[in-house]
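**Q** sequence below, structure please.
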Amino acid sequence: MTALSHRSDFVFLFDVTNGNPNGDPDAGNLPRLDPETNLGLVTDVCLKRKIRNYAELAKGGETGYAIYVREGAILNEQHRKAYLAERPDDKKAATDKKLSPQSDDEMIRLRQFMCDNFFDVRSFGAVMSTGINCGQVRGPVQLSFAQSIEAIVPLEISITRMAATNEAEKKKNEEGAGEDDRTENRTMGRKHIVPYGLYRAHGFVSAKLAERTGFGDADLAFLWDALKNMFEHDRSAARGEMAARKLVAFEHDCALGRAPAHELFDRVAIDRVSGGEIYPIGDKRLDNAPPARRFSDYRVSIDDGNLPDGVTIRELL
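**A** Model prediction:
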């Protein structure tokens, strides 16, 4: 596989309606947010998980597109596959709980096996220096935390379940029912939602790091496909309505790039639409405006004037 020859930086916009895009286990699964600004957050790990899940669905069974970090996987056993390929006649490779490369050259081959066979290692990198040691790989694809464009207001919704978990719970519910038999077997619960939030994430694809992992043009095309479609296959009670809204890539004509990423990202601007008028985010005139509840409440604009030489803009979504 030919490695990527040009750098890319991208802006990815997605939204959520009446859902929880990324619960915080340290806060009772409330949607993650910045406590100083109340802007919503979605971690890079969450976004990478969705890309991995999409890869399993779309490329499952295809050579080179196995997933290293997948549900239920034992990572050391993933490493063992590299040793079994490198040392097919070594019985210890199939049984030992600790394995180490015998030379620097073998370490390079072990790492390359992992990159060649696992899409997420080739893309995001991995620390594989645990008991069965395959070294470390720094991935060419990196994502920032996604942040909501405006402050979010997480809601805690009470829900009920008309069934008991076990006999003891059923008996307890019956004893507390009193004259109102509607409470029999009723179990109370909570779920957390964001009524609406538009989130923005930034991503980076390094051609120089791609040279080390073998991440190529076909992988980049698949990454774009995954970002555009991953929410379509991630539906759940907590994430019923999440959608990719905009994917803007800044492509450089060389490996090192022609301009700083932050300067290119500044060319993608998001404004509020209210009452037929367009306002900058944070404008005081929006203080009494209805809150955003759909993507059409925002306007996304891209400044393509006076681009640095060698940089092109691609609106992929």
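
**Q** the helix or strand of the chain with the lowest mean pLDDT: what's the following helix or strand?
**A** Among the helices and strands of the chain, helix 167-175 carries the lowest confidence by mean pLDDT, DSSP states H and E, at a mean of 68. Later in the chain than helix 167-175, the nearest helix or strand by DSSP states H and E is strand 186-205.

**Q** parallel or antiparallel, which strands does that following strand pair with?
**A** Strand 186-205 has the following strand partners under DSSP bridges: strand 8-19 (antiparallel), strand 141-143 (antiparallel), strand 146-151 (antiparallel), strand 155-162 (antiparallel).

**Q** of those strands, which is nearest residue 63?
**A** Each of these was scored for nearness to residue 63 using Cβ to Cβ, and the closest is strand 141-143 (19.9 Å). Glycine gets a C-beta too; all of them are placed from N, C-alpha and C.

**Q** what's the closest one in contact with?
**A** 44, 47-48, 123-124, 201-206, 215, 223 (Cβ atoms under 8 Å, 6 or more residues apart in numbering).

**Q** where's residue 165 relative to residue 282, distance?
**A** 47 Å (Cβ to Cβ, to the nearest Å).

**Q** list the buried ones in stretch 41-56?
**A** 41-44, 46-56 (16 or more other Cβ atoms under 10 Å).

**Q** show me which of these is closest to residue 15.
**A** For the buried residues of stretch 41-56, the nearest to residue 15 is residue 42 (11.1 Å; Cβ to Cβ).

**Q** quick one: that closest one and residue 20 touch, right?
**A** No. If you go by Cβ atoms under 8 Å, residue 42 and residue 20 don't touch, sitting 10.2 Å apart.

**Q** can you map out the helices along the stretch 201-317 of the chain?
**A** 207-213, 217-229, 261-265 (DSSP state H, counting those that start in this stretch).

**Q** would you mind writing the CA trace of the second one as CSV?
**A** Think helix 217-229. Output in CSV follows, covering the C-alpha atoms of helix 217-229 (Å, rounded to 0.1, in the frame of the first residue of the first chain):
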residue,chain,number,x,y,z
ASP,A,217,-4.9,7.3,-0.1
ALA,A,218,-7.4,4.4,0.2
ASP,A,219,-7.4,4.7,4.0
LEU,A,220,-7.9,8.5,3.8
ALA,A,221,-10.9,8.0,1.5
PHE,A,222,-12.3,5.5,3.9
LEU,A,223,-11.8,7.9,6.9
TRP,A,224,-13.9,10.5,5.0
ASP,A,225,-16.5,7.9,4.4
ALA,A,226,-16.5,6.8,8.1
LEU,A,227,-16.9,10.4,9.3
LYS,A,228,-19.8,11.0,7.0
ASN,A,229,-21.7,7.8,7.8
